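Engineer: here is my input, please return the structure:
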Amino acid sequence: MVPMTLETQYGTEKIIIETGRLAKQAGGSVLVTMGETVVLVTTCGGAAPRAGFDFLPLTVEYREKAYAAGKIPGGYFKREARPGEWEILNARLIDRPMRPLFPKSWRKEIQVIATVISFDQKNDPAICAMVGASAATHLSDIPFAGPVAGCRVALVNGEYIVNPTYAQVENAKLSVIVAASEAAVMMVEGEGKEASEQEMVDAIYTAHEAIKPVLVLQEQLRAKLGKAKQAAEPESLDIDLFHKVIDLSVDQLADAAQIKNKAARKAGISAAKKATFEALIAEDAAYADRDKEIGKYLDRVLRDVIRTQVVEDRIRIDGRSPADVRKITCELDVLPRTHGSAVFTRGETQALGVVTLGTRRDEQRIDNLLGDKFVPFILHYNFPPFSVGEARPIRGTSRREIGHGTLAKRGVEGILPAHEDFSYTIRIVSEVLESNGSSSMATVCASSLALMQAGVPVKKPVAGIAMGLIQEGEQYAILSDILGDEDHLGDMDFKVVGTAEGITALQMDIKIKGLPRKVLIQALEQARDGRLHILGEMAKAIEAPRDDLSAHAPRITSIHINPDRIRDIIGPGGKTIRGITEATGCSIDVDDTGKVTIASPDNEAAKRALQIVESLTEEAEVGRIYHGTVRKVVDFGAFVEILPGTDGLVHISELADHRVDRVEDVVAEGDEIDVKCIGVDRNGKIRLSLRAALADAEGAGE
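Structural biologist: Below you'll find the model as predicted:
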């Protein structure tokens, strides 16, 4: 392959796509560069279809190499291990817009690998990876209805910035990653600081316009160096059999689809399918060997029945109209020993949110290419099999759980108090107990309730809602609070999180080729109406944070000390701070700025620990009288310990109101005397006076 390099402006930086130089044995390979961030992306396909697969076998991997940022991995083995959460999230950003663009009938394995090999800590490698994944696949022989590309847009000081730096994103009112083809926006993922619906729409379409020149580059690469595409076998269709299936099943499936209860509806649909299959076998025994084919036809009939009912009759699976939200119930204080707990139930979706408050030592440490940092807010989302009535092995946290938990975290994080004002580490765990609809949005609602019940001073309540779309020709219906089946059979999955004032997070995946701007605006407005309704239902349970924390939560007290006195708290080998902890049972943390944080669920214990710390670090105060002990006598005066570990000098001239020839005539080592602090110089040396203390005592006596 002849090497080829193309470039175009992409926001504040140029993007360079190169192929034909590296990884030439891959089915498609590109090197994508923005600034000094470089990502190698490859696409490879299997030689033969995977037997028994009834889904697209696509795998996307995104991996960051420590050497890309000039780092050596931590740990004993000093090599990159399993992917971190941020790598899994970036892999999902690549997967979601690409997956709908492969033929539905394709059964050969597809593997996309994006490897970050250089990182300038300015340009986001995820954007390079999204562009590279499409370009490499477009160059390969795998059928692909691309290209697509992705970019980030941030709203900073009223201006939309395409592919902003990390520093710009920190100050942005909203930040979204958008993936799109020439014709349509395919995916949106991002967060906002109570951004308006109009601001979000403008950001999305700003991104779409910015993406188009990058799509042109990919088409140019494809035209020059692309491989001939393999033919995708169309799904076979026996027209006569399909019509028989329609005639036998359509009425039964239509009736079953209107059953409100999920389990009963599932049973009704299964019964209708079984009856159809049995009728076909009764007509011709040969149909017994075509059960998988007949099953596909039945699923197709069911899909068409449900979509037609929604679009034409405005009646959904469970009988609701398009904008209706299912019944909501909220329960607080459901767990007696936790710091905060709540159950949020919406229809047949239920989430238990549990809040735990911790100290600085509980913060999550994250070590990635951006560096080592500590995060004081954690949200974990668990989706056990019983939540959907299944029995299957639990094999660790899935990519789906990581993605849904991160979306919920983005939505909730915007309402948390500043860490300087509420110096707790906050961990929320969402246990999904039932799922028929968006459990990530139920997680947001349960988390908001649990935070307020825990007494965390959140700025405002927050809620989330999942929206759907069904479009048939020119007709369409936007659905609020979608069911699982509506998500599966629909054309859009759009999750919106926000307060009453604006959006804090959103995620959108599109399965159709085009989403008109007016439809997106209508979906956001309908989502806002649904969100306000949910917030109103939540307010019936709790409107604002409780005044006090749980009795089981630690009480945190903070004071600032002179950083030079940190050693007095720590002690040799940590002996002093361990002693305070053992004596009081408190957790004590000290940072380099001199901030001392004391945490304990026992207020009295926290007070004792605070008194000890203050006594160890107390600074001499000019004008104050101290009762001290003479530690050393010298020719020019006496050194008196006025605070633990703190000495000051009483000069010989300050021992009495008359001339003193010998210090020993007035004081001796071990004497306990009252002295007055008369000065502290710039080096911290303390000047004391016995004469002034005696004069003050005489004056008080008069």
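
Engineer: got the phi/psi numbers for the closest residue to residue 497 other than its chain neighbours?
Structural biologist: Nearest residue to residue 497, sequence neighbours excluded (Cβ to Cβ, 6 or more residues apart in numbering): residue 411, at 3.0 Å. (C-beta placed from N, C-alpha, C; glycine too.) Main-chain dihedrals, residue 411, degrees, to the nearest 10: phi -70, psi -40.

Engineer: just checking, residue 411 touches residue 498?
Structural biologist: Yes: taking Cβ atoms under 8 Å as the definition, residue 411 is a contact partner of residue 498 at 7.4 Å.

Engineer: so who does the residue nearest to residue 497 touch?
Structural biologist: Residue 411 is in contact with 191, 444, 462, 464, 497, 498, 504, 505, counting by Cβ atoms under 8 Å, 6 or more residues apart in numbering.

Engineer: please report how far the first one lies from residue 5.
Structural biologist: For residue 191, the distance to residue 5 under the criterion Cβ to Cβ, to the nearest Å works out to 35 Å.

Engineer: so those two - more neighbours on which side?
Structural biologist: residue 191 (22 against 13; other Cβ atoms under 10 Å).

Engineer: report pLDDT for the residue nearest to residue 497.
Structural biologist: Here, the pLDDT recorded for residue 411 equals 96.

Engineer: how far away is it from residue 505?
Structural biologist: Distance from residue 411 to residue 505, by Cβ to Cβ: 4 Å.

Engineer: what is the burial count for the closest residue to residue 186 other than its chain neighbours?
Structural biologist: Distances taken as Cβ to Cβ, 6+ apart put residue 97 closest to residue 186, at 3.8 Å, once the chain neighbours are dropped. Neighbourhood size, residue 97 [other Cβ under 10 Å]: 26.

Engineer: so residue 97 makes contact with residue 148?
Structural biologist: Yes: the pair formed by residue 97 and residue 148 meets the contact definition of Cβ under 8 Å, at 5.2 Å.

Engineer: tell me, what's touching those two both at once?
Structural biologist: Common neighbours of residue 97 and residue 148 (Cβ under 8 Å, 6+ apart) are 130, 179, 180, 186.

Engineer: hang on, the second one in a strand?
Structural biologist: To tie it back to what came earlier, the one meant is residue 179. Yes: counting by DSSP: H, G, I helix; E, B strand; the rest coil, one finds residue 179 located in a strand.

Engineer: which residues touch it?
Structural biologist: Taking Cβ under 8 Å, 6+ apart, one finds 93, 96, 97, 130, 148, 149, 150, 185, 186, 187, 188, 211 in contact with residue 179.

Engineer: okay if I get those as a markdown table plus secondary structure and distance to residue 390?
Structural biologist: Converted to a markdown table, those look like this (DSSP: H, G, I helix; E, B strand; the rest coil; distance: Cβ to Cβ, whole Å):
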| residue | secondary structure | distance to residue 390 |
| --- | --- | --- |
| 93 | helix | 28 |
| 96 | helix | 24 |
| 97 | helix | 28 |
| 130 | helix | 33 |
| 148 | coil | 33 |
| 149 | strand | 37 |
| 150 | strand | 33 |
| 185 | strand | 33 |
| 186 | strand | 30 |
| 187 | strand | 28 |
| 188 | strand | 30 |
| 211 | helix | 39 |
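
Engineer: parallel or antiparallel, which strands does the one helix or strand residue 506 maps to pair with?
Structural biologist: Using DSSP states H and E, residue 506 sits in strand 503-510. Strand 503-510 has its sheet partners listed here by DSSP bridges as strand 185-195 (antiparallel), strand 492-498 (antiparallel).

Engineer: so of the ones you listed, which one's packed in deepest?
Structural biologist: strand 492-498 (a mean of 26; mean count of other Cβ atoms under 10 Å).

Engineer: from the rest of the structure, what touches that one?
Structural biologist: Strand 492-498 has contacts (Cβ under 8 Å, 6+ apart) with 192, 194, 407-408, 410-412, 438, 440-441, 444, 462-469, 482, 487, 503-512, 515, 523-524, 527-528, 531.

Engineer: can you select the buried ones from these in ChimeraX?
Structural biologist: A single ChimeraX command selects the buried members of the contacts of strand 492-498 (16 or more other Cβ atoms under 10 Å):
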select :192,194,407,408,410,411,412,438,440,441,444,462,463,464,465,466,467,468,469,482,487,503,504,505,506,507,508,509,510,512,515,523,524,527,528,531
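
Engineer: for residue 498, see how far away the closest residue to residue 524 other than its chain neighbours is.
Structural biologist: Closest residue in space to residue 524, ignoring its immediate chain neighbours: residue 197 at 4.0 Å, by Cβ to Cβ, 6+ apart. Relative to residue 498, residue 197 is positioned 9 Å away (Cβ to Cβ).
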